[in-house]
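A.B. asks: one predicted model, sequence on top.
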Protein chains: 2
Amino acid sequence: MPLSSAEASVEPPSAPAGSRFLAEIREQPRALERLLEHDGEYARVAEVALERGATTVRMVGHGSSDNAASYGVYAFGLLPRWTAFRDSISLGIYYRAGLDLSGCTVLGLSQSGRTPDVVEYVEHARSKGAYTVAVTNEPSSELAAAAEAVLPLAAGPELAVAATKTYVTQVAAIGLLAAHAAGGGVLFADGIRRVASQLDELIPSLESSILTFALPFAFAGRMFVIGRGAEFATARETALKLLETCRLAAEPLTATDLAHGPVAALDPLFPVWTIASEDDALPAVVEAAARVREAGATLIATGSAAGAIGAADYVLPVPSPPSPLLAPLLSVVPGQLFAWALARAKGLDPDTPRGLSKVTMAR
Amino acid sequence: MPLSSAEASVEPPSAPAGSRFLAEIREQPRALERLLEHDGEYARVAEVALERGATTVRMVGHGSSDNAASYGVYAFGLLPRWTAFRDSISLGIYYRAGLDLSGCTVLGLSQSGRTPDVVEYVEHARSKGAYTVAVTNEPSSELAAAAEAVLPLAAGPELAVAATKTYVTQVAAIGLLAAHAAGGGVLFADGIRRVASQLDELIPSLESSILTFALPFAFAGRMFVIGRGAEFATARETALKLLETCRLAAEPLTATDLAHGPVAALDPLFPVWTIASEDDALPAVVEAAARVREAGATLIATGSAAGAIGAADYVLPVPSPPSPLLAPLLSVVPGQLFAWALARAKGLDPDTPRGLSKVTMAR
């Protein structure tokens, strides 16, 4: 498998474990600003989707890209009021179901643009009449070639195996596209710019305390991560960071799904990470957190409404975003930094998790 | 909260732990046969959906009901070639996104028919033009009253907190409805009947060995459960059974998602349960299993193609179904019986997991 120059470059061996991962977390505000330089391209893709009546959005991706797609359900649902969902990849490419996809916009999400079944899904969807759009950090990738339009993430080369700045830019990209489709692109872009400057304050402030914060979790083996609505994406991404960098069996759950079975597994050695943002789904998250407390589990509260979670054992608040749909850009950062710190506490290197490579060629 | 007579009845205190759960696993073939007595109702609902052009299927439910909905993506996609997806509940009821739902059939899935946000979603969807259908074991429930049509599961009273026969009948119900929509209801119903008789042989045969089989896992704390395509539903349901009855942090993953991060968490103490069925997605599952072996994790292979998983440490095969879409009715049974046996090995009572009640009123 040929490596791009970005992937082949190597940090000096003296760099401490996790230094790439941390550098890329820190770089997220700049990555968001670079994404905005492509605002015109986002506006044009939204225009084409509108012209073609392609107002059902099918999103495909794996790992962090699939987590960002969870956000798209809410961004498209709340802004242009379009139906958006994470589509089954295997239905198209393994089973060849052959659904008619006219009236659909397909977003193929892949940092590298090389995920084989995402490329294949996009090729198939294009042949079935969908408007296909590659959302990728590599605008000259196979995925970009397979799609009709390309939306660059412009995150810059991502060297740590665990995605951070490409996740945040994917979320922003999806939100920006949805906002343009609803005629609110300018306001949303301003919001992203404002979030970038909020992150410039948040990241150093969290960094200064997170190593100490993570220490008590050094021997935790499992965790639930709870969010609802637009923050379910954040719950999924936080859990994935912990799985891949800390080998923690972290499972994302919606606030309500927790009560439908998983709550039975909780005990005082089973911490629960809660993402609480100031939005209409907050009451469900507050209720779920109360169940967690009742089960005696250790409770960590994050998000702009972390203070609304009663009796949390640990609190990592983030500032209030300019609008609720921008919250996931802020609330994922405590999870990223916690993953970095916990990996350090466990003696693991979050830059190069065992068994993973930056580009996943698995089918 | 008033209890129905079924919920209020109590086993004699001398019954061994898990006896309700086991009795209901054993009853599944009969439950499937009872469902088929309502075949005409399934045919009629399919006819109405076709007449109304309501060929986009939005499915909502929590826990096992949501797992059954995962199956619907494939049943509707492969039989009538309709788009079906697990819809966001919070988009409709918390955020009041107000999407136009004409052209949609909504399946509200709830064993009890009392899950509050599913009832509310169905009421909201009906007001937005969807054809609303309650799929429930309680045809006189709130959910049934909220929907235009009711499809009974006819599973009989389910007393164990962890669902088994209502899950299997939900899967069969979704498949039967999809088959009727495609004009293949008679053949599919015959297939369900054939599966019921296969289960009559499979269940006693698995039961005789499963207690010994489960013993080595008595101290396992976490597990991944892998399936793809139609069997992703089985992976989700197997993981949920293990979480709620055995307090095992079991996480379901598609075969491909495993490689996008979670594989890094594996080690020899982290078992992976694989569902391998003879269908077009099998190569992805075989490839994922090879990655699991490479990571040194303990591998359990189930499903009709369990033999295709190279070097599995444990194998629990099931018979080949009459057609691939019927496989999930068979391949979930090893997981149910394993959950029963492992709970016994751990000294837990799978009939009444701590912190859960049969009807979950969480929002």
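C.D. replies: Cool, the structure landed. Numbers count the residues shown, from 1 in each chain, chains lettered A, B, ... in the order given.

A.B. asks: where does chain A dip in pLDDT?
C.D. replies: Applying pLDDT under 70 to chain A flags the ranges A:1-14, A:363.

A.B. asks: hey, where'd the strands end up in it?
C.D. replies: Ranges of strands in chain A, per DSSP state E, are A:56-60, A:83-86, A:104-110, A:131-136, A:149-152, A:222-227, A:249-254, A:272-275, A:299-303, A:314-317.

A.B. asks: list, one by one, the residues from the stretch 201-350 of chain A near chain B.
C.D. replies: Residues of the stretch 201-350 of chain A that fall close to chain B, judged by CB under 8 Å from any CB of the partner chain: A:221-222, A:228-229, A:240, A:243-245, A:247-249, A:251, A:254, A:256-267, A:270, A:279-281, A:283-284, A:287-288, A:291, A:294-295. Bear in mind the C-beta positions are built from the backbone N, C-alpha and C, glycine included.

A.B. asks: re earlier: need the strands of chain A in a markdown table with mean neighbour count, can you?
C.D. replies: Shown next, in a markdown table, are those (neighbours: other CB atoms under 10 Å in any protein chain shown):
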| stretch | mean neighbour count |
| --- | --- |
| strand A:56-60 | 26 |
| strand A:83-86 | 24 |
| strand A:104-110 | 29 |
| strand A:131-136 | 28 |
| strand A:149-152 | 21 |
| strand A:222-227 | 27 |
| strand A:249-254 | 26 |
| strand A:272-275 | 28 |
| strand A:299-303 | 27 |
| strand A:314-317 | 18 |
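
A.B. asks: now render those strands as JSON lines, adding distance to A:Pro216.
C.D. replies: Output for these, formatted as JSON lines (distance: least, CB to CB, whole Å):
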{"stretch": "strand A:56-60", "distance to A:Pro216": "37"}
{"stretch": "strand A:83-86", "distance to A:Pro216": "34"}
{"stretch": "strand A:104-110", "distance to A:Pro216": "35"}
{"stretch": "strand A:131-136", "distance to A:Pro216": "38"}
{"stretch": "strand A:149-152", "distance to A:Pro216": "41"}
{"stretch": "strand A:222-227", "distance to A:Pro216": "13"}
{"stretch": "strand A:249-254", "distance to A:Pro216": "16"}
{"stretch": "strand A:272-275", "distance to A:Pro216": "13"}
{"stretch": "strand A:299-303", "distance to A:Pro216": "10"}
{"stretch": "strand A:314-317", "distance to A:Pro216": "8"}
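
A.B. asks: neighbours of A:Pro353, just the number please.
C.D. replies: A:Pro353 sits with 23 neighbouring residues when counted by other CB atoms under 10 Å in any protein chain shown.

A.B. asks: my read: it touches A:Thr245, true?
C.D. replies: Yes - between A:Pro353 and A:Thr245 a contact is recorded at 5.7 Å, counting by CB atoms under 8 Å.

A.B. asks: next, show the common contact partners of the two.
C.D. replies: Common contacts of A:Pro353 and A:Thr245 (CB atoms under 8 Å, 6 or more residues apart in numbering or on different chains): A:Ala162, B:Ala264.

A.B. asks: distance-wise, check the residue of the stretch 1-150 of chain A found nearest chain B relative to A:Gly310.
C.D. replies: As assessed by CB to the nearest CB, chain B sits closest to A:Gly63 within the stretch 1-150 of chain A, at 3.1 Å. Here A:Gly63 is placed at a distance of 33 Å from A:Gly310 (CB to CB, to the nearest Å).

A.B. asks: now the helices for the stretch 51-200 of chain A?
C.D. replies: Remark: helices assigned in the stretch 51-200 of chain A by DSSP state H, counting those that start in this stretch are A:64-78, A:89-93, A:116-127, A:142-146, A:165-181, A:185-214.

A.B. asks: of all those helices, which lies closest to A:Leu50?
C.D. replies: helix A:165-181 (6.3 Å; CB to CB).
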